[in-house]
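Chemist: Sequence first, then the predicted structure:
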Amino acid sequence: MQIDSIKKSSRIFWLLFKDYWQSEEKWKARGLLATVVLFNLISIYLMLELTDWYNEFYTILQNYSYQAFWHSIGKFSILALLLIVLAVYAFYLQQMLQIKWRTWMTKQYIEKWMHKQTYYKLQTGQNNTDNPDQRIQEDINLFVSLTLSLGIGLFKQVMILISFIAMLWQLSGSFTVSFGEQAISIPGFMVWVTLLYSIIGTFITHKTGHQLISLNFNQQKYEADFRFSLVRLRENSECIAFYRGELPEKINFQKRFMFVIGNFKQIMNRQKILTGITVSYSQIAIILPILIAAPRYFNEMLPIGWLIQTLTAFGKVQDALSYLVSSYTDIAQWSSVIRRLSTFAEHMETADTLQADVNVNLDDELDISALTVRLPHGETIIKNLCMKLSAEKSMIITGASGSGKSTLLRTLAGIWPFAEGKITIPSQENILFLPQKPYLPLGTLRQSLYYPQAVPAIDTKNIDQLLKSCKLSKLADQLEEINDWSSILSLGEQQRLAFARIFLKKPAWVFLDEATSALDEATENHMYTLLKKELPQITIVSIGHRATLLPHHEYRLDVSGNGDYKFYVLNNA
Ligand SMILES: Nc1ncnc2c1ncn2[C@@H]1O[C@H](COP(=O)(O)OP(=O)(O)OP(=O)(O)O)[C@@H](O)[C@H]1O
């Protein structure tokens, strides 16, 4: 069972890990890693030299050799200087590798999240991932930094272990245990002691600390949920203020915050025990080698330098063997980050493959045949829809609220994955969809007007005139102002601003999902008349509830919500 779960975790880790190291940046990355490894190897060699130096130095002290003392200090200074330079650059280059890896991985995740509207499908499918923003911003960072620090740390400790174990073996000599008449001599006794001590330490730490993995996993989720609720209040501040919704919001914050605190208390309790164990472990590790080496030191009257060097070598071997103990908290956090990132990647992959079973052809007409649209849990809302709309005509889709009008539009836009049938529709470049909620991105008003296109370097369009015809003249002076416009402009103003995008893009077809629902009837009439006047060849497909919209359309599709529909020719045709 344990082996299986280790195999599974290693496979998950490998899947997350390998891509960067096999990417187009692989040589840069491998080069940087090799340099960091090389610097670490050199510093281990210098550490060995330094341990030798201890022996030499303390023996000099014991012999009161003043001249040799200064020579030895000089040697130390050079060793220390080299160690400092290596430590600084090994860390600096490791961080450089970290930002390169993070940049690459963040780009990949954003790419996958955006690909084929995965960000949207993640919300419609069964595999809804909580807080994808946190996974991209925080988890990737943690994954990269912890993988590098733990990986390089482990490598370094293994190298230290290999280098110092020989030294310790030599220094520690053999230890004789007597059983009555018989005496057994154990060579390299201190090596065995440190080995046994580390195995016991690692075992106890793992038994006490393994719950930290899932506790950390939950902590990150609760923190993100709490932050998300605060962000939602900021985004919906006006509605909440109108409702005087402070109390339920506060209760909600408290509830979410209690999860954060409750889980953190469990982490604290676990960590308290773990800290107790790790600190005791390292304290015992100070005295243990002294106790073991002391008899030999006193019996054989060995120089003090021998004792100091032995203790240092023991400390190094023991540190190396206890790497898992000292890094346990990081390892726990790292494991939970891997779990979070891999489920996110899996869900994105599943969402990416979620695809409507619709045969799409591109042509300058709308021809729908045998189209069935379902909800995520399988309920059919539009069944076997067949209809045709030629270019330059107009159609309104009507039906009760919740009957599936917007979902039909989502299907036509190719973002609703639960549909099957055949659709002939103009290509995306010739269409503009205006969704029910006007979306204004963060930035200037001019950027908002051009969204999703970029503002041209030289804007030759007569924006003032455009704003005037959309009854937005008062915004003409604020085109370059950066603001959260969706919380400043009225809903009707936002809808008119979104409507103005049609005149900038001039698509051949436009799909309007209640795009004028917040306007008074006179303004709505004005906007539709303007549309017909400015772009007389445009094909309009609208969704709307108002009867006043009917005169602007030639056909009407009425959906019932239980699969049925009716197609009418209106008097204006
Ligand atoms: N992501 C989703 N997951 C589950 N159900 C959904 C999802 N999106 C929409 N629905 C459901 O699909 C049904 C149709 O929704 P849709 O938005 O298409 O209705 P509508 O006719 O446009 O309504 P309205 O006139 O109120 O805008 C509703 O019952 C809605 O709850």
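Modeler: Perfect, I can see it now.
Chemist: residues in the chain within reach of the ligand, list them.
Modeler: Residues of the chain lying near the ligand by CB under 6 Å from any ligand atom: 124, 375-376, 381, 399, 401-407. Any C-beta I mention is one placed from the backbone N, CA and C, and that applies to glycine too.
Chemist: Can I have the buried ones of these as a ChimeraX selection?
Modeler: A single ChimeraX command suffices to select whichever of the residues of the chain next to the ligand are buried according to 16 or more other CB atoms under 10 Å:
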select :124,381,399,403,404,405,406,407
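Chemist: need the residues of the chain next to the ligand in CSV with pLDDT and secondary structure, can you?
Modeler: Shown next, in CSV, are these (pLDDT from 0 to 100; DSSP: H, G, I helix; E, B strand; the rest coil):
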residue, pLDDT, secondary structure
T124, 79, helix
L375, 92, coil
P376, 88, coil
I381, 93, strand
G399, 93, coil
S401, 91, coil
G402, 91, coil
S403, 92, coil
G404, 93, coil
K405, 94, helix
S406, 93, helix
T407, 94, helix
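Chemist: ok, now how distant is V177 from F314?
Modeler: Plainly put, V177 is 19 Å away from F314 if you go by CB to CB, to the nearest Å.
Chemist: how about low-confidence regions in the chain?
Modeler: Counting by pLDDT under 70, the chain shows low-confidence ranges at 1-2, 125-128, 178, 572-573.
Chemist: returning to that earlier point: and of the residues of the chain next to the ligand, the nearest to W306?
Modeler: Set against W306, the nearest of these by CB to CB is T124 (71.9 Å).
Chemist: Who are the contact partners of that closest one?
Modeler: Taking CB atoms under 8 Å, 6 or more residues apart in numbering, we find T124 in contact with 354, 376, 416-418.
Chemist: Work out for me the element L366 sits within.
Modeler: Applying DSSP states H and E as the criterion places L366 in strand 365-374.
Chemist: do T275 as well
Modeler: Element membership of T275, judged by DSSP H and E, is helix 246-300.
Chemist: can you check A457 too?
Modeler: With DSSP H and E as the criterion, A457 is inside neither a helix nor a strand.
Chemist: Pull out the buried residues from stretch 534-553.
Modeler: Buried residues in stretch 534-553, counted by 16+ other CB under 10 Å: 535, 538-544, 549-550, 552-553.
Chemist: Also stretch 492-511?
Modeler: 492-504, 507-511.
Chemist: Can you flag which of the residues you listed belong to helices?
Modeler: Mapping the buried residues of stretch 492-511 onto helices (DSSP state H) picks out 492-504.
Chemist: Which residues does S542 form beta bridges with?
Modeler: I396, L512 (DSSP bridges).
Chemist: Does it touch L550 like I think?
Modeler: No - S542 lies out of contact with L550 (CB atoms under 8 Å); the separation is 9.9 Å.
Chemist: where do the strands sit along the stretch 51-200 of the chain?
Modeler: In the stretch 51-200 of the chain, the strands defined using DSSP state E, counting those that start in this stretch lie at 175-179, 182-186.
Chemist: Reformat those as a markdown table; add distance to A293 and mean neighbour count.
Modeler: Formatted as a markdown table, the strands of the stretch 51-200 of the chain follow (distance: least, CB to CB, whole Å; neighbours: other CB atoms under 10 Å):
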| stretch | distance to A293 | mean neighbour count |
| --- | --- | --- |
| strand 175-179 | 10 | 10 |
| strand 182-186 | 14 | 10 |
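Chemist: now these in TSV, with distance to R135?
Modeler: Formatted as TSV, these follow (distance: least, CB to CB, whole Å):
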stretch	distance to R135
strand 175-179	53
strand 182-186	52
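Chemist: What residues of the strand holding L366 count as buried?
Modeler: So strand 365-374, judged by 16+ other CB under 10 Å, has buried residues 366, 368, 371-374.
Chemist: Tell me which residues are up against stretch 396-410.
Modeler: Residues outside stretch 396-410 that contact it (CB under 8 Å, 6+ apart): 373, 375, 381-382, 385, 416, 433, 435-436, 511, 513, 541-545, 549-550, 552-553, 555-561.
Chemist: among these, which are in strands?
Modeler: Secondary structure from DSSP state E places 373, 381-382, 385, 433, 511, 513, 541-543, 555-559 of the contacts of stretch 396-410 in strands.
Chemist: Tell me which residue lies farthest from the centre of this protein.
Modeler: E181 (66.9 Å; CA atoms, centre = their mean).
Chemist: Now for L50: which residues touch it?
Modeler: Applying CB under 8 Å, 6+ apart, we find L50 in contact with 76, 79-80, 83.
Chemist: For ChimeraX, write the selection for the buried entries among those.
Modeler: The following ChimeraX line selects those of the contacts of L50 that are buried, judged by 16+ other CB under 10 Å:
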select :76,79,83
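Chemist: Of the contacts of L50, which is the nearest to the ligand?
Modeler: L83 (58.9 Å; CB to the nearest ligand atom).
Chemist: could you measure the closest one against L50, distance?
Modeler: For L83 relative to L50 (CB to CB), the value is 7 Å.
Chemist: for G151, same thing?
Modeler: Counting by CB to CB - G151 and L50 are separated by 25 Å.
Chemist: Same question for L467.
Modeler: As judged by CB to CB, L467 and L50 stand 73 Å apart.
Chemist: Run the chain-centre distance for stretch 404-423.
Modeler: 30 Å (CA atoms, centre = their mean, to the nearest Å).
Chemist: same question, stretch 56-63
Modeler: On CA atoms, centre = their mean, the centre of stretch 56-63 falls 55 Å from the chain's centre.
Chemist: again with stretch 454-462
Modeler: 35 Å.
Chemist: Not counting its own residues, what contacts it?
Modeler: So stretch 454-462 is contacted by 444, 446-447, 450, 504 (CB under 8 Å, 6+ apart).
Chemist: next one: stretch 553-560
Modeler: 381-382, 387, 389, 393-400, 403-405, 408, 540, 542, 550, 565-570, 572-573.
Chemist: then that stretch to CSV, C-alphas only?
Modeler: The C-alpha trace of stretch 553-560 is given here as CSV (Å, rounded to 0.1, in the frame of the first residue of the first chain):
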residue,chain,number,x,y,z
HIS,A,553,-36.4,41.5,-36.0
GLU,A,554,-37.8,39.5,-38.9
TYR,A,555,-37.9,36.0,-37.3
ARG,A,556,-38.5,34.7,-33.9
LEU,A,557,-37.4,31.5,-32.2
ASP,A,558,-39.3,30.7,-29.1
VAL,A,559,-37.8,28.1,-26.7
SER,A,560,-39.9,26.4,-24.0
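Chemist: So which bits of it are buried?
Modeler: For stretch 553-560, by 16+ other CB under 10 Å, it's 553-559.
Chemist: which of those residues lies closest to K7?
Modeler: Distances from K7 to these, taken by CB to CB, are shortest for V559, at 51.3 Å.
Chemist: out of everything not next to it in sequence, what's closest to that closest one?
Modeler: G399 (4.0 Å; CB to CB, 6 or more residues apart in numbering).
Chemist: Counting neighbours, what do you get for P452?
Modeler: Here the number of neighbours of P452 (other CB atoms under 10 Å) works out to 10.
Chemist: could you say which helix or strand contains it?
Modeler: Per DSSP H and E, there is no helix or strand for P452.
Chemist: And it, how far from S5?
Modeler: P452 sits 45 Å away from S5 when distances are taken as CB to CB.
Chemist: Please apply the same query to K107.
Modeler: Taken as CB to CB, the span from K107 to S5 is 31 Å.
Chemist: Just the terminal-to-terminal distance for stretch 392-407.
Modeler: 23 Å (CA to CA, to the nearest Å).
Chemist: again, but for stretch 538-553
Modeler: OK, stretch 538-553 end separation, CA to CA: 12 Å.
Chemist: so how far is the ligand from L50?
Modeler: To the ligand, L50 is 64 Å away according to CB to the nearest ligand atom, to the nearest Å.
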